[in-house]
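Enquirer: This is the structure alone, sequence omitted:
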Ligand code: 6PG
């Protein structure tokens, strides 16, 4: 045995991860179910570091130094279960199986329990950054036992992205915590992407700007507090021309957004935990609507009338509206993170995870898809204890939102006038206004519930549970 770590599954992500490990002084055992991928990796990249190729799972396990660490990167679902079980059959107590795919956290919790019962460690590890991240430095979110972390720490730190010199990996918490946090990362990613898309739409259809001009705007924005990977790549996408037609590529790409499920899981989980993640939910639904072909074609055929005419803006008004969009984007983005972190906090209570939110914000500063300059601010807010209940309560974010709010309201109002959908801008603003309100119309809902279903209500002026006898003369109130 000579390898200190192994990778099973050598498709794009697995192969990149294996190479990254080899580039950083690890001796890497590699195995793929079909030998072709193993051969290709050895032929094309075998000289990049120390690889130990195996063609049977037994040889793979034998080539690992105990306690053995095997990272699996295979298709989610059944293939993952099969590989975990096959490995567990060959490995020894104390060995570690790491699932680096995008698994659904309840699956990770189940697998961890099963594998732990067999004396092995199972680590569900979120990995973000796509193929390039896997090769050059991803952000990683491992769950599992503290003991397994001690073995994994130097290995994962060696390959992680670095943000201000710090490796973007930390032990998130027991069993499913790592995959949970990765799931919420993706939910926030959905929100972020949709907000950028809404901003684009407002400039494109609202202000009639070209894709190229909007690309320039995003390039400028990337020098502001919005500086982030997603803003940066958006500028690139908008500047790209289609090779065959010469048109902006964004005009040629079919406007149906795909999704593989992590955003949906984030929302489903939030619903069962009772956490309002309105921005993320709207972002998932917006993708869903975009892909409803029959519904959209039907609406086109019916030719609904839209708003009257277009809003004519002077050059100066246009400039200031673009600034408004930038502020609205920042405010809504803060809300998306606040909601996502609320979901993590609530799940941590539910599942008994001890999650250091500041550490999560810090490991998201580099390598991952949502990496952004303002994550430093988020980390500081959690560190200072000012964001315990909500990120929005930390003075920096309170001020940022307050400063953005006039712009934010103008953007949502004008979008409604233009007839341009802004589900995440609008829902984020409603969330903020819902939080701010000293009285919510929920009182009326309680009255309605009590009326039709005797569901009772509480009063603001005395203790107890009450029910109004709505059908009786004089509407007597009783202590229910
Ligand atoms: C990442 C990404 C990654 C992936 C998702 C995108 O952090 O590297 O989130 O996990 O790109 O598969 O999900 P959709 O296909 O659902 O957009």
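Expert: That came through, no problem. Given the structure is predicted, the values throughout are model-derived calculations rather than measurements.
Enquirer: Tell me which residue is most central in the protein.
Expert: The chain has residue 186 as the residue nearest its centroid, 1.9 Å off, counting by Cα atoms, centre = their mean.
Enquirer: so who does it touch?
Expert: Taking Cβ atoms under 8 Å, 6 or more residues apart in numbering, we find residue 186 in contact with 102, 262-263, 266. All C-beta spots, glycine's among them, are computed from the backbone N, C-alpha and C.
Enquirer: What about the ligand: which of those touch it?
Expert: Restricting those to those touching the ligand (Cβ under 6 Å from any ligand atom) yields 102, 262-263.
Enquirer: packing partners for the strand or helix carrying residue 445?
Expert: Element membership for residue 445 (DSSP states H and E) is helix 442-453. Using 3 or more Cβ pairs under 8 Å, 6 or more residues apart in numbering; DSSP states H and E as the contact test, the elements touching helix 442-453 are strand 466-468.
Enquirer: List the contacts of the strand it packs on.
Expert: Counting by Cβ under 8 Å, 6+ apart, 450-451, 454, 456-459, 475-480 sit against strand 466-468.
Enquirer: Export the residues you listed to TSV and append columns for neighbour count.
Expert: Shown next, in TSV, are the contacts of strand 466-468 (neighbours: other Cβ atoms under 10 Å):
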residue	neighbour count
450	18
451	13
454	12
456	16
457	16
458	11
459	10
475	9
476	10
477	13
478	11
479	8
480	14
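Enquirer: Return the subset of the residues you listed lying in helices.
Expert: 450-451 (DSSP state H).
Enquirer: before we move on, back to that, in the ones next to the ligand among the contacts of residue 186, which residue is surrounded by the most others?
Expert: When neighbours are counted by other Cβ atoms under 10 Å, residue 263 leads those with 25 neighbours.
Enquirer: Get me the contact residues on this protein for the ligand.
Expert: 102, 128-130, 186, 189, 258-260, 262-263, 368-369.
Enquirer: how about the strands in the stretch 351-480 of the chain?
Expert: For the stretch 351-480 of the chain, strands defined by DSSP state E, counting those that start in this stretch occupy the ranges 466-468, 477-479.
Enquirer: Format the ones you listed as JSON lines; extra columns: mean pLDDT.
Expert: What follows is the strands of the stretch 351-480 of the chain, written out as JSON lines (pLDDT from 0 to 100):
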{"stretch": "strand 466-468", "mean pLDDT": "98"}
{"stretch": "strand 477-479", "mean pLDDT": "97"}
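Enquirer: Turn those strands into JSON lines, columns for distance to residue 254.
Expert: Shown next, in JSON lines, are the strands of the stretch 351-480 of the chain (distance: least, Cβ to Cβ, whole Å):
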{"stretch": "strand 466-468", "distance to residue 254": "55"}
{"stretch": "strand 477-479", "distance to residue 254": "59"}
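Enquirer: what's the strand of greatest length in the chain packed up against?
Expert: The single longest strand within the chain, with elements called by DSSP state E, is strand 121-128. If contacts are counted by 3+ Cβ pairs under 8 Å, 6+ apart, strand 121-128 sits against strand 96-99, helix 105-117, strand 139-142, helix 146-159, helix 177-201.
Enquirer: Next secondary structure element downstream of the longest one?
Expert: In this case it means helix 177-201. Counting by DSSP H and E, what follows helix 177-201 is helix 211-221.
Enquirer: average pLDDT for that following helix?
Expert: The pLDDT scores in helix 211-221 average 98.
Enquirer: cool, stretch 418-435 as well?
Expert: 97.
Enquirer: Over to stretch 250-257?
Expert: Stretch 250-257 comes out at a mean pLDDT of 98.
Enquirer: Show the residue spans covered by the helices in the stretch 351-480 of the chain.
Expert: Using DSSP state H, counting those that start in this stretch, the helices of the stretch 351-480 of the chain run over 357-363, 375-383, 395-418, 423-436, 442-453.
Enquirer: Just say which of these is most tucked in.
Expert: Greatest average neighbour count among these goes to helix 357-363 (a mean of 22), per mean count of other Cβ atoms under 10 Å.
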